[in-house]
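Trainee: sharing a model prediction with you, sequence too.
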Amino acid sequence: MARTLKIRDLTLRDGQQSSFATRMNQAQIDRCLPYYKEANFYAMEVWGGAVPDSVMRYLNENPWTRLETIHQAVGDVSKLTALSRGRNLFGYSPYTDEIIDGFCRNAIRSGLGIMRIFDALNDVDNVRSTVKYVKQYGGIADCAVCYTVDPKYPQPGFLARLLGKRAPQPVFTDAYFLDKAKQMAALGADMITIKDMSGLIPPRRVATLVKLLKSNLSIPVDFHTHCTPGYGLASVLSAIVAGVDIVDTNCWYFAEGTGAPAIEFIDAICRKLGIETGVNMEAVAKINQQLREIRKELNLSVFGVEKPEPKPFELTPEVDALFDKAIRAAQQDDEQGCIDACRKIEAIFGFPAPNELVQKAEIPGGMYSNMVAQLKQLKAEEILPRAMELIPSVRLAAGLPPLVTPTSQIVGAQAVNCALDEKAGRPMYTNKSSQFVGLVKGEYGKTPVRVDPEFRFKICGVREETPYDTSKYRMQPNPELPEAGGVKLAENEKEVLLLELFPLVAKNYLTGIKKKAWEAKQAAEAKSSPAPAAAAAPAPKPAARITGNTVLAPLPGRVIDVLVKVGDEVKAGQEVVILEAMKMENAIETDYAGKVKQVLVESGQTVQTDAVLLEIE
């Protein structure tokens, strides 16, 4: 009997997120769905990650509708998958079991089949509740072990070595990953994924890990990787040769580059190895006809340019010979030969070349691109090399977290903050995000290595590790909306969950759709009984001339919350504004004591560096 390999298609979630900033709208998704029903993938990742945030923020669409519509079209042909950050779900904060329960119940009732659950610290306790509720409501719990590497630390100098200082010992060993997988299996995981979100795992290492997990676990093993540093295709090939049960792929026009390998390449490999995938490649070709046009639409609407597309897949004699060479190399443990052959195949079709900077820095491509974008916004691109240098020390000081969302953003943003502090002549860690404080404090869970108590005291004001106290969790405000006829901001459990997971984005989205519905109702009523013209709204009162001390925005961002009001007495060092910058929440403090004379910003407002937030007299 031929060996089978299951294929999880990532195109509609990770594929579009990696290459097109998660901007596929529902109409574009709908064009592909009839062919997905024919394609017979084992699973389709369609939700989670950045999808729920992006469809509200940029497309003004309902995330629950996205999931339900796909399930209605595809049925049970493929299991729909979502990516969840364990106790953090889709957000950046730990949630109570009540929220996790409601989220899992509604997701599975809306059509979800598999929840891929990971924790950014590989803290197994943080996936426990999600595993429990996913299984309770009939879903499949796919627990992911996040692959990461030890940073390249600056080597101790001669004097430091004389004093006995050595570089830290490796933490992320094969034994470390096996231990995490075993713990997750003991929790009730139905499968284990090796989640290589940065594409850093080379062929030999993944083959070793696949064999190790297969010989020690009785549940299926999936391999997820990206092609950014140039290992993706070769590593998936090596994982297949090593006996992996499931691999993650993208359809051709959303594949490779920063995404996962192309299903067309994996299908060719499996045919040569006599492995059955069950995927209908004729249906995949029809999906690609749609994706090719959608790719053009997204490039123009999101990036303003039409990026080069790969050449159509064709198994020419040259490509066929290279596949043979790559397979032989993988079977003979010739790692470099496998990598070279796979990269030649990718180059023939015009896929992006390996990102050598990401490969050498060994950080996620998204983390690097975020840092570049942040520094451009700050007009401080020249400090990028220093920020990159600081990543290992910032990461180690924070307990050596794996670099995956959200810890990659937390560490990357803090490295930028430290470089900015240094440039301005301030002590490093003068500016720190609320998330970095929470990570060091222990609110995100147990870090792979112990945080120095003195560093924790410097950052958080406490020396003891302090886990997040869910008993202090407070639900988001759910007010009535006078501008929408007095309806509640969130009118049902699904809307309440959106508000909890994405407070600012969901508030804006829900307010907008409620106002639109109310205005449509009023317009319909006005046709039947014309009402008198409404009085013009009063013009906003201009800000008074500033004569007192001011609190300025240290970097550009969006105001999440103003913690004081006019007339409040404040102390020097008191937090007065929460500013979202670089995807992190930054608590802005006042350097002055006194009375708040003016508040010059409001929640949701975007501000630039040095914008005046408050006046204090």
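Mentor: Looks like it arrived, so ask away. Small disclaimer: the values here were computed from a predicted structure and weren't measured.
Trainee: which stretches of the stretch 251-400 of the chain have low pLDDT?
Mentor: Where the stretch 251-400 of the chain drops to pLDDT under 70, the residues are 366.
Trainee: helices of that one, start to end?
Mentor: Taking DSSP state H, counting those that start in this stretch as the criterion, the stretch 251-400 of the chain carries its helices at 263-273, 281-298, 317-331, 335-348, 356-361, 365-377, 384-397.
Trainee: using PDB, write out every CA atom in the longest one.
Mentor: Coordinates of each C-alpha in helix 281-298 appear next as PDB, following Å, rounded to 0.1, in the frame of the first residue of the first chain:
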ATOM      1  CA  MET A 281      -4.100  19.100  -9.000                       C
ATOM      2  CA  GLU A 282      -6.500  20.000 -11.800                       C
ATOM      3  CA  ALA A 283      -8.700  21.800  -9.300                       C
ATOM      4  CA  VAL A 284      -5.500  23.400  -7.900                       C
ATOM      5  CA  ALA A 285      -4.800  24.700 -11.400                       C
ATOM      6  CA  LYS A 286      -8.300  26.400 -11.400                       C
ATOM      7  CA  ILE A 287      -7.600  27.900  -8.000                       C
ATOM      8  CA  ASN A 288      -4.400  29.300  -9.500                       C
ATOM      9  CA  GLN A 289      -6.200  30.900 -12.400                       C
ATOM     10  CA  GLN A 290      -8.200  32.900  -9.800                       C
ATOM     11  CA  LEU A 291      -5.100  33.600  -7.600                       C
ATOM     12  CA  ARG A 292      -3.100  35.000 -10.500                       C
ATOM     13  CA  GLU A 293      -5.700  37.700 -11.100                       C
ATOM     14  CA  ILE A 294      -6.200  38.300  -7.400                       C
ATOM     15  CA  ARG A 295      -2.400  38.700  -7.000                       C
ATOM     16  CA  LYS A 296      -2.500  41.500  -9.600                       C
ATOM     17  CA  GLU A 297      -5.400  43.200  -7.800                       C
ATOM     18  CA  LEU A 298      -3.700  43.000  -4.400                       C
END
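Trainee: still on that earlier bit, do you know which of the helices of the stretch 251-400 of the chain lies nearest residue 244?
Mentor: Nearest to residue 244 among those is helix 263-273; the distance by CB to CB comes to 11.2 Å. In short, each C-beta sits where N, CA and C put it, glycine included.
Trainee: who's residue 569 bridged to?
Mentor: residue 595 (DSSP bridges).
Trainee: how much space between residue 83 and residue 251?
Mentor: 18 Å (CB to CB, to the nearest Å).
Trainee: just to revisit the earlier point, tabulate the helices of the stretch 251-400 of the chain (CSV), appending distance to residue 485 and mean neighbour count.
Mentor: Below are the helices of the stretch 251-400 of the chain laid out as CSV (distance: least, CB to CB, whole Å; neighbours: other CB atoms under 10 Å):
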stretch, distance to residue 485, mean neighbour count
helix 263-273, 49, 21
helix 281-298, 36, 19
helix 317-331, 62, 17
helix 335-348, 56, 20
helix 356-361, 51, 16
helix 365-377, 39, 19
helix 384-397, 49, 20
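Trainee: make a markdown table out of these and add distance to residue 76.
Mentor: What follows is the helices of the stretch 251-400 of the chain, written out as a markdown table (distance: least, CB to CB, whole Å):
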| stretch | distance to residue 76 |
| --- | --- |
| helix 263-273 | 21 |
| helix 281-298 | 16 |
| helix 317-331 | 33 |
| helix 335-348 | 34 |
| helix 356-361 | 38 |
| helix 365-377 | 33 |
| helix 384-397 | 43 |
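Trainee: which of the ones you listed sits closest to residue 487?
Mentor: Judging those by CB to CB, what sits closest to residue 487 is helix 281-298, at 34.1 Å.
Trainee: quick one: the closest one to chain centroid distance?
Mentor: Centroid separation for helix 281-298 versus its chain: 25 Å, with CA atoms, centre = their mean, to the nearest Å.
Trainee: nearest spatial neighbour of residue 181, skipping sequence neighbours?
Mentor: Spatial nearest neighbour of residue 181, chain neighbours left out: residue 192 (4.9 Å); criterion: CB to CB, 6 or more residues apart in numbering.
Trainee: and residue 524, how far from residue 517?
Mentor: With CB to CB as the criterion, residue 524 and residue 517 are 11 Å apart.
Trainee: got it, and residue 208?
Mentor: 56 Å.
Trainee: between those two, which is the more surrounded one?
Mentor: residue 208 (16 against 13; other CB atoms under 10 Å).
Trainee: I'd say that one and residue 173 touch.
Mentor: No. In this structure, residue 208 is not within contact of residue 173 by CB atoms under 8 Å, at 10.9 Å.
Trainee: need the overlap of contacts for these two.
Mentor: Between them, residue 208 and residue 173 share no contacting residue under CB atoms under 8 Å, 6 or more residues apart in numbering.
Trainee: before we move on, the earlier item: which residues touch the residue nearest to residue 181?
Mentor: Residue 192 neighbours (CB under 8 Å, 6+ apart): 142-145, 181, 184-185, 213, 217, 219-222.
Trainee: so it belongs to a helix, correct?
Mentor: No. Using DSSP: H, G, I helix; E, B strand; the rest coil, the secondary structure at residue 192 is strand, not a helix.
Trainee: now the top helix by length along the chain: average pLDDT?
Mentor: The longest helix of the chain (DSSP state H) is helix 503-528. For helix 503-528, mean pLDDT rounds to 90.
Trainee: which residues of the stretch 51-200 of the chain score low on pLDDT?
Mentor: Within the stretch 51-200 of the chain, the stretches with pLDDT under 70 are 91-92, 153-165.
Trainee: ok, which stretches of it are helices?
Mentor: Counting by DSSP H, counting those that start in this stretch, one finds helices in the stretch 51-200 of the chain at the ranges 51-57, 63-74, 97-109, 128-136, 158-162, 174-187.
Trainee: tabulate these (TSV), appending mean neighbour count.
Mentor: Formatted as TSV, the helices of the stretch 51-200 of the chain follow (neighbours: other CB atoms under 10 Å):
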stretch	mean neighbour count
helix 51-57	22
helix 63-74	19
helix 97-109	20
helix 128-136	21
helix 158-162	10
helix 174-187	17
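Trainee: turn the ones you listed into CSV, including distance to residue 7.
Mentor: CSV is the format used below for the helices of the stretch 51-200 of the chain (distance: least, CB to CB, whole Å):
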stretch, distance to residue 7
helix 51-57, 20
helix 63-74, 15
helix 97-109, 22
helix 128-136, 22
helix 158-162, 50
helix 174-187, 21
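Trainee: what's the closest of the ones you listed to residue 19?
Mentor: helix 51-57 (13.4 Å).
Trainee: quick check, central residue of this protein?
Mentor: Residue closest to the average C-alpha location in the chain (CA atoms, centre = their mean): residue 405, at 4.6 Å.
Trainee: list the contacts for that residue?
Mentor: Residues in contact with residue 405 (CB under 8 Å, 6+ apart) are 49, 85, 120, 197, 366.
Trainee: tell me which two of these sit farthest apart.
Mentor: Among those, 85 and 366 lie farthest apart (CB to CB), at 14.6 Å.
Trainee: could you check how far the nearest residue to residue 392 once chain neighbours are set aside is from residue 575?
Mentor: Closest residue in space to residue 392, ignoring its immediate chain neighbours: residue 151 at 3.7 Å, by CB to CB, 6+ apart. As defined by CB to CB, residue 151 lies at a distance of 32 Å from residue 575.
Trainee: the two: which has the busier surroundings?
Mentor: Neighbours were counted for residue 151 and for residue 575 using other CB under 10 Å; residue 151 has more, 21 against 15.
Trainee: show me the contacts for that one.
Mentor: Shown in contact with residue 151 (CB under 8 Å, 6+ apart): 362, 391-392, 395-396, 400.
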